[in-house]
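# Starting from these lines, generate the structure:
(2 chains)
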Amino acid sequence: GESVGLHLPTLSVQEGDNSIINCAYSNSASDYFIWYKQESGKGPQFIIDIRSNMDKRQGQRVTVLLNKTVKHLSLQIAATQPGDSAVYFCAENMGGSSNTGKLIFGQGTTLQVKP
Amino acid sequence: GAVVSQHPSRVICKSGTSVKIECRSLDFQATTMFWYRQFPKQSLMLMATSNEGSKATYEQGVEKDKFLINHASLTLSTLTVTSAHPEDSSFYICSARGRFGSGNTIYFGEGSWLTVV
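Here you go, the predicted structure:
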């Protein structure tokens, strides 16, 4: 069945270093993916998204890479800051080629930034 | 920017009672809203799709008679947990899909903590 998963439950990085958070998905028909940041006790916060017709998209300090061949997604955070400490989820749009708004979330990676 | 608001943010109720959680899109119309459930240190799990003016669509394993969803207007969806039990204690999060330009953007609410005692 469909699933989105993350490789590591916790990632600890030094402040100023770059962070890479990985995600695997299983539905090759999916064409829209989103990365969310969730701080404790709050709702998910949109970080960046990417469609399957792209393999890379950049935002402010963040880059998402999509490898459709191996069904892998990653989020790169440059110059990680203490405020980046949170749980990061990748999400896959359910519904294949149409943006239904229904999302399957991965298990989440906790990013810990050490000062 | 677009905002999705949930109310209440925290609620405590007694076992056997019902509790209603509201999800509002504040500055856009949302024909479709989604309800998720999240247990501590776990991921979000989609419960149901709330469709304005029609019945909600529930995901497999979610009891529709226990989690009543009403989407009476383009800006409001409500989730009612009926006959609540302690195992219903969780973080409930809604999202709304709003149409901006050529794409549909998904916005999440801040979540509602439900504790059943």
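# Pull up the per-residue confidence for residue B:100.
As predicted, residue B:100 sits at a pLDDT of 57.
# what's the nearest residue to residue B:14 if we skip its chain neighbours?
Distances taken as CB to CB, 6 or more residues apart in numbering or on different chains put residue B:117 closest to residue B:14, at 6.1 Å, once the chain neighbours are dropped. Using the backbone N, CA and C atoms, a C-beta is placed for each residue, glycine as well.
# How many residues are close by the one you found?
9 (other CB atoms under 10 Å in any protein chain shown).
# same thing with residue B:74?
Residue B:74 has 16 nearby residues by other CB under 10 Å.
# Run through the residues of chain B sitting next to chain A.
B:6, B:32, B:34, B:36, B:42-46, B:49, B:91, B:93, B:95, B:97, B:103-104, B:106-111, B:113 (CB under 8 Å from any CB of the partner chain).
# which secondary element of chain A has the worst mean pLDDT?
strand A:4-5 (a mean of 59; mean pLDDT, DSSP states H and E).
# And chain B, by the same measure?
Min over SSEs of chain B, mean pLDDT, DSSP H and E: strand B:103-108 (a mean of 78).
# After that strand, which helix or strand is next?
strand B:112-116 (DSSP states H and E).
# what mean pLDDT does that next one have?
Mean predicted lDDT for strand B:112-116 stands at 98.
# Can you list the low-confidence ranges for chain A?
A:1-8, A:95-99 (pLDDT under 70).
# just chain B next, same as before
B:1-2, B:99-104.
# which ones are touching the residue of chain A found nearest chain B?
With CB to the nearest CB, the shortest gap between chain A and chain B falls at residue A:101, namely 3.6 Å. Counting by CB atoms under 8 Å, 6 or more residues apart in numbering or on different chains, residue A:101 makes contact with A:93, B:32, B:34, B:49, B:95, B:97, B:104, B:106.
# As TSV, those residues with distance to residue B:62, secondary structure and neighbour count would be great.
Converted to TSV, the contacts of residue A:101 look like this (distance: CB to CB, whole Å; DSSP: H, G, I helix; E, B strand; the rest coil; neighbours: other CB atoms under 10 Å in any protein chain shown):
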residue	distance to residue B:62	secondary structure	neighbour count
A:93	20	strand	24
B:32	17	strand	22
B:34	12	strand	27
B:49	11	strand	22
B:95	16	strand	25
B:97	19	strand	21
B:104	23	strand	17
B:106	20	strand	27
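# and of these, the nearest to residue A:78?
Nearest to residue A:78 among these, counting by CB to CB, is residue B:106 at 25.0 Å.
# my read: that closest one touches residue A:103, true?
Yes - counting by CB atoms under 8 Å, residue B:106 touches residue A:103, with 7.1 Å between them.
# which residues do the two both contact?
Residues touching both residue B:106 and residue A:103 (CB under 8 Å, 6+ apart): A:34, B:95.
# which element is the nearest residue to residue A:47 once chain neighbours are set aside on?
Excluding the flanking residues, the one nearest residue A:47 by CB to CB, 6+ apart is residue A:35, at 4.4 Å. For residue A:35, the host element (DSSP H and E) is strand A:32-38.
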